[in-house]
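J.: Sequence below, structure please.
(chains A and B)
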Amino acid sequence: MNFHNALMKTCVNPEGLWCLRLCRTAIVGVLLEAKTANYIPIPPAKPFQSTLRYPSNRKTIYDRNLNRTKTTEISLASFAYLFNTLITYHHSKSSSVSEIESRLNRAGYPIGIKMLDLLLYRQPPRSATRPTRIVELLQFIHGTLWRALFSRSADALEKSTTKNNEYMIIDNEPLVNTYISIPKEMSQLNCAAFVGGIIEGMCDAAGFSTDGVSVHSAGEGDEMWPGKTIFLVKFKESVVEREEAIKASGG
Amino acid sequence: MATKAARIGEEVWKSRIDKINAEVVTLTYGTIVAQLCRDITVPNTVSKTDYNAVNKELDRMGYNMGLRLIEDFLAKSNTGQCSNFRETAEMISKVGFKVFMNITPTVSNWSKEADSFHLVFEDNPLADFVELPDDGRAQDELWYSNILCGVIRGALEMVQMQVEARFVSDVLRGDDTTEMRVTLIRIIEDEMPPDDE
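T.: Residues are numbered from 1 along each chain as shown, chains lettered A, B, ... in the order given. Next up, the predicted model:
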């Protein structure tokens, strides 16, 4: 089941569902073969034929330069309306505040996976490195990811003193919450759970599995930044052990 | 007339708009459409997307957006009422889309009675780097940017015009251009509430 869940997490787009089905049929085929004595050879799989139509200039998205839209700008209002639509949609399907937050988290997850590849591709060629240590990954998120999405870096990066697998990224004023006002009966909701999902997707795709990225509002204690949000990243034990092992071997 | 609208659009875009990286919008819209395709399935099936219902849902979402967006637009652009439908078309393409999405679709293909036109999108930030799923049906049934039709319908309904907006071609479907047809159905006259005496 865990394998299945992990596969689902990485294949949440419609094309991905096709990949999942293919994996499942392959596994079932292997099991059947092992059980029968006189086996019937499985016919070779038909090669995949794409049935998509393309415009007459034969240009597909794979011919487009990935850096073309790097600096294009759009009004914040457009994002606000779309984000509002997303929240309304999930609110209508949820029965509790934490369910809305987890749905927003799921919505942001595939974005994180894609952003990791995109940002690594866009790094300056001489100094491009993949983050292999926890601190490097978090600095990558705190700096590069935030700058790509919101044109500024996040405000603080902290390590928890009590638990060695918890880290916090702090944003004093998340851009996504600019035009969101929460009614009193849902005051625990923080819509930056969407950004939390992006962070979680990026960590998982970089090979640092997390137990979840939760979002906390620290607004009440801070008059200067009422919308201050803390993204709590909980890494799995295996990741922390790996980190210790690398440190021990002088990596 | 056309240059005046273009000038207004340019000026509002430069001065009065908070900006954000367009890729965030592309990714968020992609999430919305993907979520709808996962949730809205043909009745009695588990994963067969009902693309016609997704189109309708996107249109409905756009309609709700448009109802609020029009006030935002009027406040930012500070323009008065349009005197005829041609002026409306110019306002939508040169000011409306410029202010919100930083694109200027061209207006073309006016019908004989001047009650419908085509908006031709050269580039569409919502559909950057998007490819429809290869399940044989998506390219025939799904209009990916259908939310824009709802937005125009909702926005114009708040300024007393009932229109029908729908896509006629889309680059994602293999056509050469992305075009939306907007047809004026009627001008909504203010109706007095019935007297209850």
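J.: CA only for contacts and neighbour counts going forward, please
T.: OK.
J.: biggest helix in chain B by residues?
T.: The residue-count maximum for a helix in chain B (DSSP state H) belongs to helix B:51-77.
J.: Beyond that helix, next helix or strand please.
T.: With elements assigned by DSSP states H and E, the helix or strand that comes after helix B:51-77 is helix B:85-90.
J.: Pull that next one out as PDB, backbone CA atoms only.
T.: Backbone C-alpha positions of helix B:85-90 (Å, rounded to 0.1, in the frame of the first residue of the first chain) are rendered in PDB as follows:
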ATOM      1  CA  PHE B  85     -20.700  47.200 -28.800                       C
ATOM      2  CA  ARG B  86     -17.700  48.000 -30.900                       C
ATOM      3  CA  GLU B  87     -16.300  50.200 -28.100                       C
ATOM      4  CA  THR B  88     -17.000  47.400 -25.600                       C
ATOM      5  CA  ALA B  89     -14.900  45.000 -27.700                       C
ATOM      6  CA  GLU B  90     -12.000  47.500 -27.800                       C
END
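J.: Skip the chain neighbours and tell me the closest residue to residue A:86.
T.: In space, and not counting its chain neighbours, residue A:86 is closest to residue B:32: 6.4 Å by CA to CA, 6 or more residues apart in numbering or on different chains.
J.: what do you get for residue A:72?
T.: Across the structure, with CA to CA, 6+ apart as the measure, the residue nearest residue A:72 apart from its sequence neighbours is residue B:22 (5.6 Å).
J.: Look up how far residue B:127 lies from residue B:30.
T.: Look at residue B:30 and residue B:127: by CA to CA, to the nearest Å, they are 8 Å apart.
J.: Pick out whichever of those two has more residues nearby.
T.: A side-by-side neighbour count of residue B:30 and residue B:127, using other CA atoms under 10 Å in any protein chain shown, places residue B:30 first with 22 against 17.
J.: ok, that one to chain A distance?
T.: Distance from residue B:30 to chain A, counting by CA to the nearest CA, to the nearest Å: 9 Å.
J.: in the longest helix of chain B, what counts as buried?
T.: By neighbour count, and taking 16 or more other CA atoms under 10 Å in any protein chain shown as the criterion, the buried residues in helix B:51-77 are B:51, B:53-55, B:57-67, B:69-70, B:73, B:76-77.
J.: now do stretch B:7-17
T.: Judged by neighbour count using 16+ other CA under 10 Å, the buried positions of stretch B:7-17 are B:8-13, B:17.
J.: Low-confidence regions, the chain specifically.
T.: Picking chain A for this. A:1-37, A:219-222, A:251 (pLDDT under 70).
J.: oops, chain B please
T.: B:1-2, B:192, B:194-197.
J.: dump the residue contacts of the spatially most central residue of chain A.
T.: Most central residue of chain A, judged by C-alpha distance to the mean C-alpha position with CA atoms, centre = their mean, is residue A:201 at 2.1 Å. With contacts defined as CA atoms under 8 Å, 6 or more residues apart in numbering or on different chains, residue A:201 is in contact with A:108-113.
J.: Point out the residues in the stretch 51-200 of chain A that sit beside chain B.
T.: Among all residues of the stretch 51-200 of chain A, those adjacent to chain B (criterion: CA under 8 Å from any CA of the partner chain) are A:51-57, A:61, A:64, A:69-79, A:81-83, A:85-86, A:107-108, A:111, A:148-151.
J.: Just the buried ones from the residues you listed?
T.: By the neighbour-count criterion of 16+ other CA under 10 Å, these include these buried positions: A:52-54, A:73-79, A:81-83, A:85-86, A:107-108, A:111, A:148-150.
J.: So which of those are in helices?
T.: Secondary structure defined by DSSP H assigns A:76-79, A:81-83, A:85-86, A:107-108, A:111, A:148-150 of these to helices.
J.: could you measure whichever residue of chain B sits closest to chain A against residue B:56, distance?
T.: In chain B, no residue comes nearer to chain A than residue B:174, which is 4.0 Å away by CA to the nearest CA. Plainly put, residue B:174 is 21 Å away from residue B:56 if you go by CA to CA.
J.: For the stretch 151-251 of chain A, which residue gets nearest to chain B?
T.: Of the residues in the stretch 151-251 of chain A, the one nearest chain B is residue A:151, at a distance of 7.5 Å by CA to the nearest CA.
J.: In which helix or strand does residue B:163 reside?
T.: Per DSSP H and E: residue B:163 is located in strand B:161-169.
J.: contacts for that strand?
T.: Counting contacts by CA under 8 Å, 6+ apart, the residues outside strand B:161-169 that touch it are B:143, B:146, B:149-150, B:152-153, B:156-157, B:175-188.
J.: Would you mind checking those residues for buried ones?
T.: B:143, B:146, B:149-150, B:152-153, B:156-157, B:175, B:177-184.
J.: What about chain A: which of the buried residues of stretch B:7-17 touch it?
T.: With CA under 8 Å from any CA as the criterion, these include residue B:17 near chain A.
J.: Now, the buried residues of stretch B:7-17 that are in helices?
T.: Among the buried residues of stretch B:7-17, the members found in helices (DSSP H) are B:8-13.
J.: what's around residue B:90, how many residues?
T.: Around residue B:90 sit 22 other residues, with neighbours defined as other CA under 10 Å.
J.: pretty sure it is in contact with residue B:4, am I right?
T.: No: applying CA atoms under 8 Å, one finds residue B:90 not in contact with residue B:4, separated by 9.6 Å.
J.: circling back: pull the most distant pair out of the ones in helices among the buried ones among the residues of the stretch 51-200 of chain A next to chain B.
T.: By the measure CA to CA, A:85 and A:148 form the most distant pair in those, at 22.9 Å.
J.: Contact residues of chain B facing chain A?
T.: Near chain A, the residues belonging to chain B are B:17-25, B:27-29, B:31-32, B:34-35, B:38, B:61, B:65, B:99-102, B:129-131, B:133-136, B:139, B:171-176 when assessed by CA under 8 Å from any CA.
J.: What subset of those residues is buried?
T.: In the residues of chain B next to chain A, the ones that pass as buried (16+ other CA under 10 Å) are B:17, B:19-25, B:27-29, B:31-32, B:34-35, B:38, B:61, B:65, B:99-102, B:129, B:131, B:133-134, B:139, B:171-175.
J.: residues contacting residue A:77?
T.: Residues in contact with residue A:77, defined by CA under 8 Å, 6+ apart, are B:18, B:100.
J.: show me the contacts for the residue nearest to residue B:118 when sequence neighbours are not counted.
T.: Of all residues beyond its chain neighbours, the one nearest residue B:118 is residue B:181 (4.5 Å), with distances taken as CA to CA, 6+ apart. Residues near residue B:181 by CA under 8 Å, 6+ apart: B:116-119, B:165-168.
J.: how about a cut-off of 7 Å?
T.: With contacts taken as CA atoms under 7 Å, 6 or more residues apart in numbering or on different chains, residue B:181 has the following neighbours: B:117-119, B:165-168.
J.: May I have the secondary structure class of residue A:215?
T.: Taking DSSP: H, G, I helix; E, B strand; the rest coil as the rule, one finds residue A:215 in the strand state.
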